[in-house]
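**Student:** just need the structure, nothing else, for what follows:
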Amino acid sequence: MALIRFSPARDAFAVQNEINRLFDEVMGRRFEPEGPMVWQPAVDIEEHAEGFTIRTDLPGMKLEDIKITFADNQLVIRGEKRREVEKKEGNYLRAERVYGQFERAFTLSHTVQPERIGAAYRDGVLEVSVPKAEEAKAREIPIKTSQGTQS
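**Tutor:** Predicted structure coming up:
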């Protein structure tokens with residue numbers, strides 16, 4: 001049987017690392033210890049009978065900084081959140097808001113109508129509507145009965 005020496009500092013660091021990991025997952029952000037923060041805006045994807053609705057949180061972004069493309073059944077939302085002009089006379093005490101480029105790509109499993117894809121940007125939320133093609137929509141199949149005599 002091996003003995004393991006108790007180390008309060010090691011245990012405290014392990015707990016702190018686990019709390020940081022959980023916080024990062026809940027907030028949807030990843031912090032790289034030796035690099036910049038990777039920013040991925042939060043997205044909700046809803047499928048309904050007529051198509052898909054994709055909502056993306058993009059607070060503080062300008063419309064001209066957001067691009068949407070669709071090719072090979074893949075919808076791509078990309079953009080850049082720019083930092084406001086910095087004041088030179090002060091020092092930051094805390095800076096948590098993220099800036100930079102992002103890209104989110106979604107492969108849609110159903111045939112869609114790319115010419116009818118629409119998007120609206122309101123109150124910091126981008127909403128993209130992707131209609132399904134007629135052949136991808138569910139339809140009810142009628143059941144026929146046979147009219148015959150039984151023996």
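**Student:** contacts only, for the residue positioned nearest the centre of the chain.
**Tutor:** Nearest to the mean C-alpha position of the chain, by C-alpha atoms, centre = their mean, lies Val43 at 3.3 Å. Contacts for Val43 (C-beta atoms under 8 Å, 6 or more residues apart in numbering) come out as Ile54, Arg55, Thr56, Asp57, Ile77, Arg104, Phe106. Placement of C-beta: from N, CA and C, glycine included.
**Student:** could you give the bridge partners of the first one?
**Tutor:** On DSSP bridges, the residues paired with Ile54 through beta bridges are Ile45, Val128.
**Student:** show me where pLDDT drops low in the protein?
**Tutor:** 1-13, 23-38, 85-88, 92, 95, 136-137, 148-151 (pLDDT under 70).
**Student:** ranges for the strands of it?
**Tutor:** 43-48, 51-57, 66-71, 74-81, 100-107, 118-122, 125-131 (DSSP state E).
**Student:** what packs against the fourth one?
**Tutor:** Pointing back at strand 74-81 there. strand 51-57, strand 66-71, strand 100-107, strand 125-131 (3 or more C-beta pairs under 8 Å, 6 or more residues apart in numbering; DSSP states H and E).
**Student:** of all those strands, which one comes closest to Lys81?
**Tutor:** strand 100-107 (6.6 Å; C-beta to C-beta).
**Student:** contacts for that closest one, please.
**Tutor:** With C-beta under 8 Å, 6+ apart, strand 100-107 has contacts from 36, 39-41, 43, 45, 54, 56, 73-81.
**Student:** buried subset of those?
**Tutor:** With neighbours counted by 16 or more other C-beta atoms under 10 Å, the contacts of strand 100-107 contain buried members at Trp39, Pro41, Ile54, Thr56, Leu75, Ile77, Gly79, Lys81.
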